Structure formats: structure tokens, C-alpha cells
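Visitor: kindly generate the corresponding structure for this input.
(chains A and B)
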Amino acid sequence: MYIRRFFNPRIGLGVMLLTLLLSACSGPFSSGSPTPTSTTTTSGGGSGFPTTALTLRTPPFGTAGQVAPTVKVLASADPTLIVQFPLFPASIKTLFPDATGLVTVIQGNPETNDFDTVIVDVQKMPPNVKFTVFFTELSAKPFGHGEYVGDVITRGDGSAESIFHLITFVAFAADARNSNVTSADQSGDASGIQLEHVGMWFDGVTFARTVLKNPNIPGTPFDGGGGALHAGPQAMTDGQTLPVI
Amino acid sequence: MQFIRKISLSSPLLLALLLITTMWVGVASAAPAKTNALAMADGVNTNRLSNPNTVQLQRLVRTGRLAPSVHVLASLPPTTIVQFPLVPSGIKKAFPQATGLVTIVRGNRDNAFSDTITVDVQHMPPNITFTIFFIEFASKPFGNVEYVADLTTRGDGSGETIFQNIAFVAFAMDARNPGTSQDGQEGTTSGINLEHLGMWFSQLQDAQKVLNDDTLKGTIFDGGNPPLHAGPQAMTDGQTAPVF
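Guide: Below is the predicted model of the structure:
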């Protein structure tokens, strides 16, 4: 009786149901969706933050007359160095005369960077074809020494983009057994043979023969992996005599 | 009237009961889904050795065509992941505890634009920039080489660099006379395969100071002016058979 006086069963049931409801909402199994993590936002606009854009400057790149005229050194914020240059159709010129390519090379800080960033963008190339990208000694035949840096696979519309991270501005080929071989770099004489050009090749000669409608195209060494000379001809070139990188 | 009143009074309770039941049923149905997802993941894991890339590379390690220091990770297809250590060479006396680990990841052989290489080191000379090369031979005379990246150590001698280029099928060649070579994974390939990795002091002066040896000679293992301004090899994979 005493209990009944102080414990209304209806209220008790209500409290129990409310407790169950709360436990169902906060229980571990109710976390079907991720638990929101706390986010801390800090408001900008403090008096110490800049209100104007960084000053841009055009950094030096090579010496005058020693860099290809197609190379554009961008005005950029210190200490970055950003250069851009176009690629032009080589073996695909007849069938894909409108093919274009743009190479952008970025050095975050020439004094401290671990590698450079290379972005290759192409348009109006043969669609759905894999191309290899090489740094080469010469932009046209016989090309000389080459370094295989990456691949570009075109989409159905002939466009594509690839990004690589590796040493670019001071890329060179060398045989350490002949350490006395030197060549001129943007920075002066340097060890090895400088690789200062960029080209793209069909990664398979079979594809090249189909795309270019020529069954007599010979294989080339411009791809890695099994099958010597299984690559096709050069598709895109920087087309310059002077260095582009 | 009393009946209606009873119903009207108890309807919120019934509604709450219904709501709770619905929620618990929802929870109960969600729980097995979670279990199923785990079971599926377990199923994938148990089939991981079906990755043909992994199986092939593990076979190469067993047959000595890849170095015994190479771990071929049991990764899911179509990925290929190998790891191998670097050991001190030129810095062995002064930094005998130096260690290095190289991890190479290829996403999909047919679709990858490049491989991703992560180099981690510890207990190296602090605050020094080292160059990283793919090389024909792990030790002198090193043969043909490709300069791929730098790594600058922190104050505690640790460091990491991650770069993306062609690694598994890296090769050197002069297109005027490319020649061929034998690759354990690929068979006959164009050019000369670069299947080893080493680290060099980027500056001879750094090496002379760190190693307390003024007689050290300059090497080719850095790009840019002047020639032979790099120091000796600091770390090597130390293997005769290829590491990648």
C-alpha cells in the first residue's frame, strides 16, 4: 500500500519505457551511421592573416639561349619553380593532327625538394590506348639515352592525364663505370648524360600498327617488361633541339 | 466511457512501446549485416594466395631469381606489394644501427600509371640529404643508374620519402643500341634492367664530415652541377639477385 502510494504503476511503466527508448537511441547497436566526430573550426580573419595575394616572380631557369623557346617559366610565388611546355604529334600526326599535349613540371622548393612533380595532359589522341612517357637525351630519332618514367592511358575521347613524382630537372643517365662522362645541365656541367626532353610512345607495337593502319611499323625499346622491342613508335614529342627540362 | 478513457490514457504508452520495438527490430536486423560483411572480408582473406602476381613473385624468391631479403606481401589482386630492407654500406662503421625499408606498390599492372615507392630509414646521419638511385648492381661498380628521388633525414636520423615512377620494370638504355637483358619476372626485355636500390650522400663534403674521412672521393650519384659532387653510397639492398 505504501509502495502503491508512492509508485504509480502507470508512471513507472512510462519511466521504464522512456529509459528503454533512450537506451535504444544511445546504445552501441544504434550506431549504424558513423558517430559524428567533433570538429573544431577556427575562424579566419584574425588580424595576423594576410589580406593580399603573394607577390609573384619569374624565377631563373637555365641560361638564355640554352632553353627551348616553347618552355614557359610561370610567374609563381617564391620559392616554387613551375615550367610548362607543349607536346606535338609525331608518328600520329597524319591521323591525329589535332592531338595536343601539355607538360607541367613543378618544383616546390629547389633547395629542399625530394623530387619534382610532372603532370602530362593530352587531348585528341588515339582513344583507349596506353602510351609510355620517357625522358630522353634527344627529342627526335635516334633519341639517345632514355628513362622510363610512367604511362598515360587515354580515355574514349582521346584525353588523359598522368602525374608522376620523380627527379626531373636534373635527370640524367649514367654508367657508374664511366664516371668521367659529363654533360651540360641548366646548372652547368654535371655528371652523366642529361635527359632534357619528354616524349610519349605507343606501349605496344601491335596497337600502333592497328591505330596507324600500318602493319610494317617496327618495334622499339620504349617500354619496360617482357618482350624486347615490343613498344611502338613515338606518338608525341616536345620537338625541340634545346632542352625543355 | 471508462474503456475509452483507458485507451486514451494508455495510447501514448502503446505508441512508445511500438516505437521501441521498431528500433530494436531495426538494430537486430542490422547486426547480422555487419557480421556478413566481416564474413565476406574473411572470405577474401582466405583466398588471398590466389593473387597470381603474388604467387609468381613468391616463386621467384623461392627459386633465387628474386633476392631472399624480399618479402612479397599477401596483397589482394590485382595489387603487387614487395618490401625489402636496406643495410648500411658506406656508413656502416659510424652508424652500424642504421636501417632502411623499401616498400613498392603497384596497383594494377595493366592500368597503373606508375609504381609508388616508399623509403623509410632510421638511425642514419641526422639532417643530411641522400639521393636514391635505381641501379644495375647493389654494390660497386653499380653499373647503369637512374636518379629517382632524395631523402633528407630529420634530427633523430629518421626519414621518409614517397615517390611515384616506374620501378618494377625500370631499365636503362641508349635507344641507338638498346640491347636486351633478362628479367626474372618478365623474361627478355629491352635495355638493361635496374633491379637494385641504393642511397648516396648528395654532397661529398657532408660525407667527409659525417664519416670523418677527408680522403673520400666524389661520385656521380647526384644530379646537377658540378660533376662528381656526390659522396659515397650510404645504404644498399646488398643483394646479388634482384630486389624488384
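Visitor: how near is the spatially most central residue of chain B to B:Val72?
Guide: Among the residues of chain B, the one closest to the centroid is B:Thr103, at 1.8 Å (CA atoms, centre = their mean). The gap separating B:Thr103 from B:Val72 is 12 Å, by CB to CB, to the nearest Å. Bear in mind the C-beta positions are built from the backbone N, C-alpha and C, glycine included.
Visitor: ok, now A:Thr112?
Guide: In this view, A:Thr112 and B:Val72 are 34 Å apart by CB to CB.
Visitor: have a look at these two and say which one is more surrounded.
Guide: Comparing A:Thr112 with B:Val72 by other CB atoms under 10 Å in any protein chain shown, the one with more neighbours is B:Val72, at 21 against 11.
Visitor: which ones are touching B:Thr153?
Guide: Residues in contact with B:Thr153 (CB atoms under 8 Å, 6 or more residues apart in numbering or on different chains) are B:Val121, B:Met124, B:Pro125, B:Pro126, B:Asn127, B:Ile128, B:Phe130, B:Gly159.
Visitor: do the same with B:Met124
Guide: Shown in contact with B:Met124 (CB under 8 Å, 6+ apart): B:Ile91, B:Phe95, B:Ala98, B:Gly100, B:Phe130, B:Thr153, B:Gly157, B:Ser158, B:Gly159, B:Ala234, B:Met235.
Visitor: pLDDT on stretch A:213-228, on average?
Guide: Averaging pLDDT along stretch A:213-228 gives 96.
Visitor: mind listing which of the contacts of B:Thr153 are in strands?
Guide: Counted as lying in strands by DSSP state E, out of the contacts of B:Thr153, are B:Val121, B:Phe130, B:Gly159.
Visitor: so what's the last one up against?
Guide: For B:Gly159, the contacting residues are B:Val119, B:Asp120, B:Val121, B:Met124, B:Phe130, B:Leu151, B:Thr152, B:Thr153, taking CB under 8 Å, 6+ apart as the criterion.
Visitor: just A:Leu138 next, same as before
Guide: Applying CB under 8 Å, 6+ apart, the residues near A:Leu138 are A:Gly144, A:His197.
Visitor: quick one: the helices in chain A?
Guide: Remark: helices assigned in chain A by DSSP state H are A:2-6, A:9-26, A:205-211.
Visitor: picking up where we left off before, which of the contacts of B:Met124 count as buried?
Guide: B:Ile91, B:Phe95, B:Ala98, B:Gly100, B:Phe130, B:Thr153, B:Gly157, B:Gly159, B:Ala234, B:Met235 (16 or more other CB atoms under 10 Å in any protein chain shown).
Visitor: am I right that the second one is in contact with B:Val87?
Guide: If I follow you right, that is B:Phe95. No. Assessed by CB atoms under 8 Å, B:Phe95 is found out of contact with B:Val87, at 10.9 Å.
Visitor: any weak-confidence spans in the chain?
Guide: Went with chain A since none was named. Within chain A, the stretches with pLDDT under 70 are A:1-46.
Visitor: not what I meant, chain B
Guide: In chain B, residues with pLDDT under 70: B:1-49.
Visitor: show me the helices in it, by range?
Guide: Along chain B, counting by DSSP H, helices occupy B:2-46, B:52-62, B:204-210.
Visitor: so which residue is smack in the middle of chain A?
Guide: Nearest to the mean C-alpha position of chain A, counting by CA atoms, centre = their mean, stands A:Ile163 at 1.2 Å.
Visitor: just give the nearest non-adjacent residue to B:Gln58, would you?
Guide: In this structure, B:Gln58 finds its nearest non-sequential neighbour in B:Val72, 4.8 Å apart by CB to CB, 6 or more residues apart in numbering or on different chains.
Visitor: and for B:Asp110?
Guide: B:Pro78 (7.7 Å).
Visitor: repeat for A:Thr80
Guide: Closest residue to A:Thr80 in three dimensions, ignoring its sequence neighbours and counting by CB to CB, 6+ apart: A:Gly108, at 6.0 Å.
Visitor: A:Met125 is in contact with A:Ala99, isn't it?
Guide: Yes. A:Met125 is in contact with A:Ala99 according to CB under 8 Å; the separation is 4.9 Å.
Visitor: settle this for me: B:Ala67 is touching B:Gln83, isn't it.
Guide: No. Contact criterion CB under 8 Å: B:Ala67 and B:Gln83 do not qualify, at 11.7 Å.
Visitor: please say which of those two ends up with more neighbours.
Guide: Between B:Ala67 and B:Gln83, counted using other CB under 10 Å, the more crowded position is B:Ala67 (21 against 16).
Visitor: check contacts around that one.
Guide: Residues in contact with B:Ala67 (CB under 8 Å, 6+ apart) are B:Val61, B:Phe84, B:Asp237, B:Gln239, B:Thr240, B:Ala241, B:Pro242, B:Val243.
Visitor: tell me how far it lies from B:Val243.
Guide: Going from B:Ala67 to B:Val243 by CB to CB gives 5 Å.
Visitor: now do the shared contacts for these two.
Guide: What both B:Ala67 and B:Val243 touch, as defined by CB under 8 Å, 6+ apart, is the set B:Phe84, B:Asp237.
Visitor: could you chop chain B up by domain?
Guide: Following automatic domain parsing, chain B resolves into domains at B:1-46, B:51-236.
Visitor: pipe the buried ones among the contacts of B:Met124 into CSV and attach distance to B:Thr219 per row.
Guide: Output for those, formatted as CSV (distance: CB to CB, whole Å):
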residue, distance to B:Thr219
B:Ile91, 14
B:Phe95, 18
B:Ala98, 19
B:Gly100, 19
B:Phe130, 12
B:Thr153, 19
B:Gly157, 22
B:Gly159, 20
B:Ala234, 11
B:Met235, 14
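Visitor: list the ones among those residues that fall in strands.
Guide: Counting by DSSP E, these place B:Gly100, B:Phe130, B:Gly159, B:Ala234, B:Met235 in strands.
Visitor: of all the ones in strands among the contacts of B:Thr153, which comes closest to A:Gln194?
Guide: B:Phe130 (21.7 Å; CB to CB).
Visitor: who's that closest one bridged to?
Guide: Beta-bridge pairing of B:Phe130 under DSSP bridges involves B:Leu151, B:Phe201.
Visitor: go ahead and confirm it touches B:Gln203.
Guide: No. Assessed by CB under 8 Å, B:Phe130 is found out of contact with B:Gln203, at 9.7 Å.
Visitor: before we move on, the earlier item: excluding chain neighbours, what is closest to the residue nearest to the centre of chain A?
Guide: Nearest non-adjacent residue to A:Ile163 (CB to CB, 6+ apart): A:Ile119, at 5.1 Å.
Visitor: before we move on, what about A:Thr100?
Guide: Among residues not flanking A:Thr100 along the chain, A:Gln123 sits closest, at 5.2 Å (CB to CB, 6+ apart).
Visitor: got the contact list for A:Asp238?
Guide: Going by CB under 8 Å, 6+ apart, A:Asp238 touches A:Ala68, A:Thr70, A:Phe85, A:Pro86, A:Leu87, A:Phe88, A:Val103, A:Ser139, A:His197, A:Val198, A:Gly199, A:Val244.
Visitor: could I get those as TSV with distance to B:Ser114?
Guide: Formatted as TSV, the contacts of A:Asp238 follow (distance: CB to CB, whole Å):
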residue	distance to B:Ser114
A:Ala68	25
A:Thr70	25
A:Phe85	21
A:Pro86	22
A:Leu87	18
A:Phe88	24
A:Val103	15
A:Ser139	22
A:His197	19
A:Val198	15
A:Gly199	16
A:Val244	20
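Visitor: A:Ser159: which of the residues you listed is nearest?
Guide: Among the contacts of A:Asp238, and counting by CB to CB, the member closest to A:Ser159 is A:Leu87, at 13.2 Å.
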